[in-house]
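Q: pasting the structure only:
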């Protein structure tokens, strides 16, 4: 029995030959297309920046004033842009949610509340799938922000705040694939998010609340979360014999000892470098004689990334953490920052 031959692939008119990578002419054309695309999209963003929609500030105030969430929706490529805008808003202090227009027509309209504000994105402004959300917003008087390239479209006619994109050409050579238009919509969403951040007084500390995981979370962690305190602190008195100081430094394993004065405040630190500089008669001396008395310290509330910068700038491997009165409460080692993913 003869095996059936698979049907040939359909002829799409595209060149599907494998790329050998040795055609210089093709490489030149590739780079030319890339530069043209980036130039066209950059010009669109410049045009948008130079002539921001008249309703932009009003839209920002409206989103901030909403007692509910910013509901962002779009279909196709605009849907992908809407998802990203919703995610950026949510991660920067503005409660936001993406709603898929098709799913909205099948029950998800219930996700849009009376206290919400809706942001709809459609390049043409005539996307049929947005119709049910438009009707829902009109019926329940839910405020609507429209993002579109056509100010005379159905979407923009229904919107209370109209964010019109500049009429710049798509980077696609046929002018059909959403390229420049999606870049402009995405950038406009970022502009909304950043303007809201500044209006709210959003800080790095607030950002850390929304980003507790990953490298961002690690960099925004505070020293007190990573430091070693209590019995792990290599603390000695100013009168401690150097033989005992060496034992403390060895047992704690940080390569440093915090020298504590009679008042409980940090009087200085002893590092491996200090030991090498005082090798002669070292064991006959006391901690206060060997310590350098102007060490770099950090407060518990300092961001980990700022502490990392101090370690780098002063070329040290550990920092003593002190309270506002100058009393040592912990120690932070560069290895702690490495383990936490700050570096």
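A: It's in. As the structure is a computational prediction, the values presented were derived from the model and not from experiment. Numbering: from 1, shown residues only.
Q: if I look at residue 129, how far off is residue 200?
A: Separation of residue 129 from residue 200 (CB to CB, to the nearest Å) stands at 32 Å. No exception for glycine: its C-beta is placed from N, CA and C like everyone else's.
Q: ugh, wrong one, I meant residue 56
A: 17 Å.
Q: Same question for residue 29.
A: For residue 29 relative to residue 200 (CB to CB), the value is 47 Å.
Q: for residue 45, what are its contacts?
A: Taking CB atoms under 8 Å, 6 or more residues apart in numbering, we find residue 45 in contact with 183, 184, 187.
Q: thinking again about what came up before, quick one, which of residue 56 and residue 200 is more surrounded?
A: residue 56 (19 against 13; other CB atoms under 10 Å).
Q: Was I right to think the more buried one contacts residue 163?
A: Yes: taking contacts as CB atoms under 8 Å, residue 56 lies within contact range of residue 163: 6.3 Å.
Q: In the longest helix seen in the chain, which residues are buried?
A: Determined from DSSP state H, the single longest helix within the chain is helix 24-50. For helix 24-50, the neighbour count (16 or more other CB atoms under 10 Å) marks 37, 40, 41, 44, 45, 48 as buried.
Q: Name all residues that make contact with the last one.
A: To tie it back to what came earlier, the one meant is residue 48. Here residue 48 is in contact with 165, 166, 184, 187, 188 (CB under 8 Å, 6+ apart).
Q: circling back to that earlier point, next SSE downstream of the longest helix of the chain?
A: Tracing the chain past helix 24-50, the next element assigned as helix or strand by DSSP states H and E is helix 56-65.
Q: what's that following helix packed up against?
A: strand 117-121, strand 144-148, strand 161-164, helix 180-200 (3 or more CB pairs under 8 Å, 6 or more residues apart in numbering; DSSP states H and E).
Q: Each with direction, which strands does the first one pair with?
A: Sheet pairing of strand 117-121 (DSSP bridges) gives strand 70-74 (parallel), strand 144-148 (parallel).
Q: Likewise for the shortest one?
A: In the sheet containing strand 161-164, its partner strands are strand 144-148 (parallel), by DSSP bridges.
Q: what is the rounded mean pLDDT of the helix or strand following the partner strand?
A: Where DSSP H and E defines the elements, the next helix or strand beyond strand 144-148 is helix 154-158. Average pLDDT, helix 154-158: 96.
Q: Which residues belonging to helix 154-158 are considered buried?
A: 154, 155, 156, 158.
Q: still on that earlier bit, and the strands paired with strand 117-121 as JSON lines, adding mean pLDDT?
A: Converted to JSON lines, the strands paired with strand 117-121 look like this (pLDDT from 0 to 100):
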{"stretch": "strand 70-74", "mean pLDDT": "97"}
{"stretch": "strand 144-148", "mean pLDDT": "97"}
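Q: how about these, which one is nearest residue 326?
A: Across the strands paired with strand 117-121, residue 326 has its closest neighbour in strand 70-74 (46.5 Å, CB to CB).
Q: contact partners of that closest one?
A: Applying CB under 8 Å, 6+ apart, the external contacts of strand 70-74 come out as 63, 79-83, 85-86, 89, 94-101, 104, 111-112, 116-122, 127, 130, 133, 189.
Q: Which among those residues count as buried?
A: So, by 16+ other CB under 10 Å, the buried ones in these are 63, 79-82, 85-86, 89, 94, 96-101, 104, 112, 116-122, 127, 130, 133, 189.
Q: I'd assumed residue 69 was in contact with residue 95.
A: Yes: with contact defined as CB under 8 Å, residue 95 and residue 69 form a contacting pair (4.2 Å).
Q: picking up where we left off before, with distance to residue 339 and pLDDT as extra columns, can I get the contacts of residue 48 in JSON lines?
A: Supplementary listing: the contacts of residue 48 in JSON lines, determined by distance: CB to CB, whole Å; pLDDT from 0 to 100:
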{"residue": "165", "distance to residue 339": "46", "pLDDT": "95"}
{"residue": "166", "distance to residue 339": "48", "pLDDT": "93"}
{"residue": "184", "distance to residue 339": "42", "pLDDT": "97"}
{"residue": "187", "distance to residue 339": "37", "pLDDT": "97"}
{"residue": "188", "distance to residue 339": "40", "pLDDT": "97"}
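Q: of all the residues you listed, which two lie farthest apart?
A: Checking the contacts of residue 48 with CB to CB, the most distant pair is 166 and 187, at 10.9 Å.
Q: Got the phi and psi for residue 319?
A: phi -130, psi 140 (degrees, to the nearest 10).
Q: how close does it sit to residue 227?
A: In this view, residue 319 and residue 227 are 9 Å apart by CB to CB.
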